[in-house]
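Enquirer: generate a structure from the sequence data that follows.
(one chain, ligands or ions: 1)
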Amino acid sequence: MNANASVAGELGIYSCPVCKLLLRQKEGVLRCPTCSQAYPISQGVPDFILEELSQSKDPVLRRMRAIDRMARIYETRLWYPVVLNIYGGFHSPSLAQLVTTVSQKVQSTKGRVLDIACGPGTFGRRIASPSKEVFGIDISSGMLRQGAAYTAKEGIPNVHFARARVEAIPFEDGFFDAALCCGSLHLFADTVIALREIARVMKPEAILSVFTFTAGRGGILKFRHVREWSLKNHGLHVFGLSEMEQYLSASGFKDFQPEVSGSTLTFSARKRSVDGLTHG
Ligand SMILES: [Zn+2]
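Expert: Numbers count the residues shown, from 1 in each chain. Here you go, the predicted model:
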């Protein structure tokens, strides 16, 4: 099976990350009919990030080359369990447990699921089913290539990858029936800007399922100076529960349902029906 063929057939669903209009595919690029911007397609994966991230002011974005190289070990015991134990504490859930927790929240969803900062599709690949079509976005081309290789090898047909930033998601308003954001919300430069853009592409009442970190009882994140150091040096935000609830409310979400284990936080929230962003 040609993995790229199924992806290419779906390219008509992407929108311009700037003006949000549907893109047209022509001669190996996606082009916006309004702003004339062209987005290249590399090995079946459209690339919506035209700037050079290594020059970014954001410390997370500057580390992109290292993140690209990490793609091969990301799902092995060399990475995920180590990070979970160090940051979240020894009582942190395993990757398999996290996948179960996150997928339970979107279990009844049918339709399109957005996987934000999907890495190699770690969660999205395991959630995709005949009734759930998963669209992963990430800023690391190394991670996306690894994800495409995994899905081809595992024979999962309904997972698609694109290189894009959470601040400029290349889909129309209300496109998704659910969204996942696993292991990355704490890395976004501005949490509310990221959440508002996520809410924009979700349908009213659609569910958002997140795994991130909180200042819990386990791991190094229970120490205030570690949290301050992580934010200053690595751009890692460690959320308080009431803080997260405020961010969600300010971004158009409701029904915050948190679960804390060690210092890992999983939660769900729903997009509000009537988009009244909180005033004042
Ligand atoms: Zn445009």
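Enquirer: tell me how many other residues surround the residue of the stretch 151-280 of the chain found nearest the ion.
Expert: Residue nearest to the ion within the stretch 151-280 of the chain (CB to the ion): Pro170, separated by 10.0 Å. C-betas here are computed from N, CA, C, even on glycine. Neighbourhood size, Pro170 [other CB atoms under 10 Å]: 24.
Enquirer: for the remainder of this discussion, apply numbering that starts at 43.
Expert: Sure thing, new numbering starts at 43, so read that last one as Pro212.
Enquirer: hey, where'd the strands end up in the stretch 93-242 of the chain?
Expert: Secondary structure of the stretch 93-242 of the chain (DSSP state E, counting those that start in this stretch): strands located at 153-158, 174-180, 201-205, 218-224.
Enquirer: give the pairing partners of the last one; include direction for each.
Expert: When sheet partners are counted by DSSP bridges, strand 218-224 sits next to strand 153-158 (parallel), strand 244-255 (parallel).
Enquirer: JSON lines for those strands, including mean pLDDT, mean neighbour count and distance to the ion?
Expert: Shown next, in JSON lines, are these (pLDDT from 0 to 100; neighbours: other CB atoms under 10 Å; distance: least, CB to the ion, whole Å):
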{"stretch": "strand 153-158", "mean pLDDT": "97", "mean neighbour count": "24", "distance to the ion": "20"}
{"stretch": "strand 244-255", "mean pLDDT": "95", "mean neighbour count": "22", "distance to the ion": "21"}
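Enquirer: show me the helices in the stretch 43-192 of the chain, by range?
Expert: Under the criterion DSSP state H, counting those that start in this stretch, the stretch 43-192 of the chain contains helices at 45-50, 101-104, 106-112, 122-125, 137-147, 166-169, 183-196.
Enquirer: check contacts around the residue of the stretch 193-322 of the chain closest to the ion.
Expert: Tyr56, Ser57, Cys58, Pro59, Leu65, Tyr81, Pro88, Phe90, Ile179, Ala204, Ala206 (CB atoms under 8 Å, 6 or more residues apart in numbering).
Enquirer: how far out from the middle of the chain is stretch 237-255?
Expert: 10 Å (CA atoms, centre = their mean, to the nearest Å).
Enquirer: please apply the same query to stretch 233-243.
Expert: On CA atoms, centre = their mean, the centre of stretch 233-243 falls 11 Å from the chain's centre.
Enquirer: stretch 293-304 now?
Expert: Per CA atoms, centre = their mean, the centroid offset for stretch 293-304 relative to its chain is 16 Å.
Enquirer: would you mind listing the residues in contact with Phe295?
Expert: By CB under 8 Å, 6+ apart, the residues touching Phe295 are Leu237, Ala241, Leu250, Ala311, Arg312, Lys313, Arg314.
Enquirer: so Phe276 makes contact with Pro101?
Expert: Just so we're on the same page, residue 276 is His rather than Phe. Yes - using CB atoms under 8 Å, His276 is in contact with Pro101, at 6.3 Å.
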